[in-house]
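In: how would this look folded up:
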Amino acid sequence: MKRIAVLVAALIFSSTSFSFALQPTAQVDNVSSGGGYQGPKARIAVADFDVKAAKATGEIGTGLREMLVTALMQTNRFRVLERQVLGALMQEQELAASGAGQAGGPARGNLKTADLVISAAVTEFEPEASGGNAGLGGGGKVGKGILGAMVGGALNKAHMALDIRIIDTSTSEILASTRVQGQASNMSGGIGAGFLGSWGLGAGLSGYANTPMEEAIRVCIVQAVNYIGQTIPQNYYKY
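Out: Alright, predicted model coming up:
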């Protein structure tokens, strides 16, 4: 009884989140942190995300792409080329070439091309997966009462997954592909913002702010960036 009383007191007065439940996962070798990289860069483009998960939408796919682009840029390892507004860029070039625009405008033939395209499919997107009871140590149930109410509640779990492909634009060959995933629970305790990126949530994702789903999204993006940075062959880093 004395040991239980001490444990209850510690839980009541603790100001930190519980950390014994399902923990988010991410690779240790963190390319996404940047690490002061100053070497040559690879020239890439990120395609629109293919949304296959039932609970995701096209807007969510757009938001995830925005986050991936921002995270890739912050590694300082890539020159990321914008393709989603290509029509507008070419229109400006045509306007300048027609003579109707101001002299010194954008000239034709200067658009840079990507050596690699990163494609991604959202294959899983589950903001609120059904969860079991949280427990101490091995996840077992505890007795009723104050302690049971505090540590025996249901977990709100969240997870998502992306299928990533790295494609050579000259040959259309898929150089590498993998599946990355992120997961978190409402009792995971969180990982430092520096590790999971300081970039904001993309379009359509603001509703998941400060929830397990936000953490799962960030873990997934970090995993994607790490995979891309570790997998692209060295000969593509030449700019």
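
In: What separation do you get for Ala203 and Thr113?
Out: Going from Ala203 to Thr113 by C-beta to C-beta, to the nearest Å gives 27 Å. Where C-beta positions appear, they are placed from N, C-alpha and C, glycine not excepted.

In: Correction: the previous question concerned Arg43.
Out: 8 Å.

In: which one of the two has more residues nearby?
Out: Arg43 (18 against 9; other C-beta atoms under 10 Å).

In: Output the below-cut-off pLDDT ranges for this protein.
Out: 1-30, 32-35, 83-111, 130-154, 187-198 (pLDDT under 70).

In: State which strand of it is the longest.
Out: Under DSSP state E, the strand in the chain containing the largest number of residues is strand 116-129.

In: What strands flank it, and is each parallel or antiparallel?
Out: In the sheet, strand 116-129 lines up against strand 42-46 (parallel), strand 50-51 (parallel), strand 157-168 (antiparallel) (DSSP bridges).

In: Could you provide those strands in JSON lines, with additional columns for distance to Glu59?
Out: JSON lines is the format used below for the strands paired with strand 116-129 (distance: least, C-beta to C-beta, whole Å):
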{"stretch": "strand 42-46", "distance to Glu59": "17"}
{"stretch": "strand 50-51", "distance to Glu59": "9"}
{"stretch": "strand 157-168", "distance to Glu59": "15"}
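
In: biggest helix in this protein by residues?
Out: helix 212-231 (DSSP state H).

In: Near the closest residue in space to Met160 that isn't next to it in sequence, how many other residues are there?
Out: Spatial nearest neighbour of Met160, chain neighbours left out: Phe125 (4.8 Å); criterion: C-beta to C-beta, 6 or more residues apart in numbering. Around Phe125 sit 24 other residues, with neighbours defined as other C-beta under 10 Å.

In: my guess is Phe125 meets Gln181, correct?
Out: No - contact criterion C-beta atoms under 8 Å: Phe125 and Gln181 do not qualify, at 10.7 Å.

In: what residues are shared contacts of these two?
Out: Shared contacts of Phe125 and Gln181, defined by C-beta atoms under 8 Å, 6 or more residues apart in numbering, comprise Met160.

In: what about the helices in this structure?
Out: So, for the chain - with DSSP H - the helices run 2-13, 58-74, 86-98, 146-151, 193-196, 212-231.

In: Name the residues of the longest helix of the chain that are buried.
Out: 212-229 (16 or more other C-beta atoms under 10 Å).
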